[in-house]
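**Student:** Would you be able to build a 3D model of this:
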Amino acid sequence: YTSWRDSDRPDIYLLDRATGRERQLSATPSESESFPRFSHDGKSILYNHTPPGPKGFVRRMDLANGQTTTICEGCI
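**Tutor:** Numbering: from 1, shown residues only. I've put the predicted structure just below:
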């Protein structure tokens, strides 16, 4: 899910509903991460990344290691 709790821009969090544990997946004070969606296999999320400026990105984050990959540049 997306939350604005720690900055003026949204960041992405992961909530394990079984345990109630929460994990912050992104922390960028001047950039927005929003609209997270799980991949079909549940091993990663896809989300919109909007830095300052005209371009937005769709990125993929591996949930096991936090590594991100840009899927689409300038597409949002």
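**Student:** Counting neighbours, which bits of stretch 27-42 end up buried?
**Tutor:** Counting neighbours by 16 or more other CB atoms under 10 Å, one finds that the buried residues in stretch 27-42 are 31, 32, 33, 34, 36. All C-beta atoms are positioned from the backbone trio N, CA, C, and that covers glycine.
**Student:** Throw those into CSV and include secondary structure and distance to residue 61, thanks.
**Tutor:** Converted to CSV, the buried residues of stretch 27-42 look like this (DSSP: H, G, I helix; E, B strand; the rest coil; distance: CB to CB, whole Å):
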residue, secondary structure, distance to residue 61
31, coil, 14
32, strand, 15
33, strand, 9
34, strand, 13
36, strand, 8
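**Student:** residues in contact with stretch 47-67?
**Tutor:** 12, 14, 25-26, 28, 30-37, 39, 42-46, 68-76 (CB atoms under 8 Å, 6 or more residues apart in numbering).
**Student:** mind checking pLDDT for residue 29?
**Tutor:** Model confidence at residue 29, expressed as pLDDT, equals 80.
**Student:** what bits of this protein have low per-residue confidence?
**Tutor:** Along the chain, the model assigns pLDDT under 70 to residues 6-7.
**Student:** Ignoring the adjacent residues along the chain, who's closest to residue 49?
**Tutor:** residue 57 (4.4 Å; CB to CB, 6 or more residues apart in numbering).
**Student:** got it, and residue 43?
**Tutor:** Distances taken as CB to CB, 6+ apart put residue 63 closest to residue 43, at 6.0 Å, once the chain neighbours are dropped.
**Student:** Only the C-alpha atoms, please, for stretch 66-76, written as CSV.
**Tutor:** Backbone C-alpha positions of stretch 66-76 (Å, rounded to 0.1, in the frame of the first residue of the first chain) are rendered in CSV as follows:
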residue,chain,number,x,y,z
GLY,A,66,14.8,-5.0,-2.7
GLN,A,67,16.5,-4.7,-6.1
THR,A,68,14.7,-2.4,-8.5
THR,A,69,14.5,-2.5,-12.3
THR,A,70,13.0,0.1,-14.6
ILE,A,71,10.3,-1.4,-16.8
CYS,A,72,9.2,1.7,-18.7
GLU,A,73,10.7,5.2,-18.8
GLY,A,74,8.5,8.2,-19.5
CYS,A,75,5.3,6.2,-19.6
ILE,A,76,3.4,7.8,-16.7
